[in-house]
Structures are given as structure tokens and as C-alpha cells.
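Asks: quick one: sequence and predicted model below, then my questions.
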Amino acid sequence: MSYITTGERIGYERGKQEQGQTLVLRLLQKRLGELSQEIRGRIQTLSLEQLEALGEALLDFTAIEDLLNWLKANQTA
């Protein structure tokens, strides 16, 4: 059985977070077009759980307003 240190676990979680952000941003850009820096910044503040929820929700988005409404309803900042 292998053990991981706290530092390794933190690094792993950060990696998952960054991968989630990258994937969601790419999918949103493909669906909605170029995203403003402000919107990208808001997405980068989301937790991993929020990113996963956004990843599912974006399948129903048809306009940037859908994303803005989702962020307004789900962002805790």
C-alpha cells in the first residue's frame, strides 16, 4: 500500500482543479465563443464541485446570458 504526503495530496487536488478549469473554459468557448477576461476569472474561482456542475449545465447553454445566469445563481463569492 502506498502512502501520499499532505503536500502530494494538495498538489493532486490543485491539478484536478486546474484540469477542470481548463476543460470547462474550452467547452464554454467552443459553445459560446470568446469569453471575456472577467468571465474567465469568475470561472477560475469556482470550486471543483462547482466546475463539475457547470460542466454539466453548459450542455444546455445557447447564449452567454445562460452562463451569466448560472454564475449568478451558483457562484459563492
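Replies: Cool, the structure landed.

Asks: so where's the chain shaky on pLDDT?
Replies: Of all residues in the chain, those with pLDDT under 70 make up the ranges 1, 76-77.

Asks: tell me the SS of residue 3?
Replies: Secondary structure, DSSP: H, G, I helix; E, B strand; the rest coil: residue 3 is coil.

Asks: I misspoke; the intended subject was residue 40.
Replies: Remark: residue 40 carries the secondary structure label helix [criterion: three-state DSSP].

Asks: show the contacting residues for residue 67.
Replies: Shown here is residue 67, whose contacts under the criterion Cβ atoms under 8 Å, 6 or more residues apart in numbering are 28, 32, 39, 58, 61. C-betas here are computed from N, CA, C, even on glycine.

Asks: redo the residues you listed as JSON lines? Include secondary structure and neighbour count.
Replies: Conversion of the contacts of residue 67 to JSON lines gives the following (DSSP: H, G, I helix; E, B strand; the rest coil; neighbours: other Cβ atoms under 10 Å):
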{"residue": "28", "secondary structure": "helix", "neighbour count": "21"}
{"residue": "32", "secondary structure": "helix", "neighbour count": "17"}
{"residue": "39", "secondary structure": "helix", "neighbour count": "17"}
{"residue": "58", "secondary structure": "helix", "neighbour count": "17"}
{"residue": "61", "secondary structure": "coil", "neighbour count": "18"}
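
Asks: so which of those residues comes closest to residue 15?
Replies: Distances from the contacts of residue 67 to residue 15 were compared by Cβ to Cβ; the smallest belongs to residue 28, at 20.5 Å.

Asks: for residue 33, grab phi and psi.
Replies: In this entry, residue 33 is assigned phi and psi values of phi 100, psi -170 (degrees, to the nearest 10).

Asks: isn't residue 35 up against residue 25?
Replies: Yes: with the criterion set as Cβ atoms under 8 Å, residue 35 and residue 25 qualify as a contacting pair; they are 6.9 Å apart.
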